[in-house]
Structures are given as structure tokens and as C-alpha cells.
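*Asks:* Got a predicted structure plus its sequence, pasted below:
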Amino acid sequence: MIECRNLSKIYRNGDNETVALSGATFSVVDGEFLAIMGPSGSGKSTLMNILGLLDSPSGGRYILDGKDISKYSEDELADIRIRKIGFVFQSFNLLPRTSVIRNVMLPLVYEGVPRSGRRALAEAALRAVEFPEDRWEHLSNQLSGGQMQRVAIARALVNNPSLVFADEPTGNLDTKTGERVMAALRKLNREKGHTIILITHESEIAGYADRIITIRDGGIVSDLQNTAVHTV
């Protein structure tokens, strides 16, 4: 699915240069659960933004589904993001005065799914993350943090993306709630086959993934299979 060859990202401000990413080379296969782990400022978020087509590399090649992304136009990249990629963020990014079900349906509007088919797809996504049906019509600002993150995961999955990015998904949650959210992501990977790339600074959270890439100062320092994956 993904092949990265010597990816780099350099930010320039006048004569000053900041190297955010340097020499990142690795691949990701379909159905993998990968964690990219590193401290704040290590370059992991820069790497996620490139992989998620939110930013472009300064150098190297990024091949997605067999095609170099540099060959795509901006409109084509936007279309790929809508159809193939889902994002789950630390801050949930839900519309606060909008119901749970309408929050989940939102990506389908952008994808052009007819109104008549949106609700059934949103309901299926909410059931996949085991979100209680009696709260589907609640406003998102009436939910707990864990419930909001489950809604955010459902929204990321509603258009059945092949690739899901989870950026510090437990950062605003207590330990027990975070464990439940990670168990939900792991279950979706196992049962639905979504490729999940987890961005985290916590080794405990990275432990839910099958493989862990550690990044520091913009470079990959280790890429290891996780032999002690947390059970669900």
C-alpha cells in the first residue's frame, strides 16, 4: 500500500532551515497496524501529514497504491483523501451543536453520497465502534471524551477508507477510556481489515500495534515487529 523512499521535509524561513524529516524509508502493507512513535518535535506528525496527503515532502518519493504521489494534481490528491483516507485526531474535531449521527454522515456529504444512503452508512459505522444507539441523536457536546472519540472513529470509517490515521487518539482521555478506544481500533483492524497508522509518544499506546517505528530528530531510529501486542 505505502512505500517511502528517503523522504525528507525541510521548512525554510528566510535563510533559516529546519529539517523536520530526513531519510525516512519504509513500507506499509495492506491490513497492517503500525505505530509511529517519538517524542514531541521528533518529526512523527510531519511524517503523518505527508502520508495522509496533507503536506508534500521536500525530497524523496512517496508511493501510494503503486503510484508516486508527485504525479497527482491537487484535485486528485483531495479526491484520494476523501475516498481512501480517514483521520482520527486527539481533539476529536466534532461539530459541537450537531447530533452524533450527523457528525458521522458529514464525510459522505463531501464524497457526494446521496442523502438517502447516508444514514444507513453512518449507522453501520456507529455499530462497528459499538456506540450506543440511544445516543445517536445526542449533540456531540453532550458526550464524554471516550464517546466523542468513538464518534470520531466512526466518522473516519464511514466511507470505508483503506487507510486510517489515528493521531494521538487517547491524548485527551483517561487511562481506562484510552484503553477502550485502542481496543476498538485494534478490533476494527482485525475484523474489518483497515490499515491503521497510529501516531503516539506513548510506548504503552504503541503496544497495541503489530509493528513500531520509532522516530527521533527527524530520522527513523528503529523499525521493529511488536512481539508483545496488547490483547483486546
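*Replies:* Cool, got the structure. Residues are numbered from 1 along each chain as shown.
*Asks:* got a pLDDT number for residue 115?
*Replies:* Confidence at residue 115, expressed as pLDDT, is 88.
*Asks:* What separation do you get for it and residue 157?
*Replies:* Distance of residue 115 to residue 157, given as C-beta to C-beta, to the nearest Å: 20 Å. Glycine gets a C-beta too; all of them are placed from N, C-alpha and C.
*Asks:* cool, residue 144 as well?
*Replies:* Applying C-beta to C-beta to residue 144 and residue 157 gives a distance of 20 Å.
*Asks:* So which of the two has more stuff around it?
*Replies:* residue 157 (23 against 11; other C-beta atoms under 10 Å).
*Asks:* nearest residue to that one other than its sequence neighbours?
*Replies:* On the basis of C-beta to C-beta, 6 or more residues apart in numbering, the spatially nearest residue to residue 157 that is not a chain neighbour turns out to be residue 125, at 4.9 Å.
*Asks:* now swap in residue 68 and tell me
*Replies:* Spatial nearest neighbour of residue 68, excluding adjacent residues (C-beta to C-beta, 6+ apart): residue 61 at 5.7 Å.
*Asks:* Kindly check the end-to-end length of stretch 205-223 for me.
*Replies:* Chord length of stretch 205-223, first to last residue, is 16 Å (C-alpha to C-alpha, to the nearest Å).
*Asks:* Please disregard the earlier target; I meant stretch 122-139.
*Replies:* With C-alpha to C-alpha as the measure, the first residue of stretch 122-139 is 15 Å from its last.
*Asks:* Next: stretch 10-23.
*Replies:* Between the start and the finish of stretch 10-23 there is a gap of 12 Å, counting by C-alpha to C-alpha.
*Asks:* ditto for stretch 158-170
*Replies:* One end of stretch 158-170 sits 20 Å from the other (C-alpha to C-alpha).
*Asks:* Test my guess that the residue nearest to residue 68 contacts residue 4.
*Replies:* Yes - here residue 61 reaches residue 4: they are 7.5 Å apart, a contact under C-beta atoms under 8 Å.
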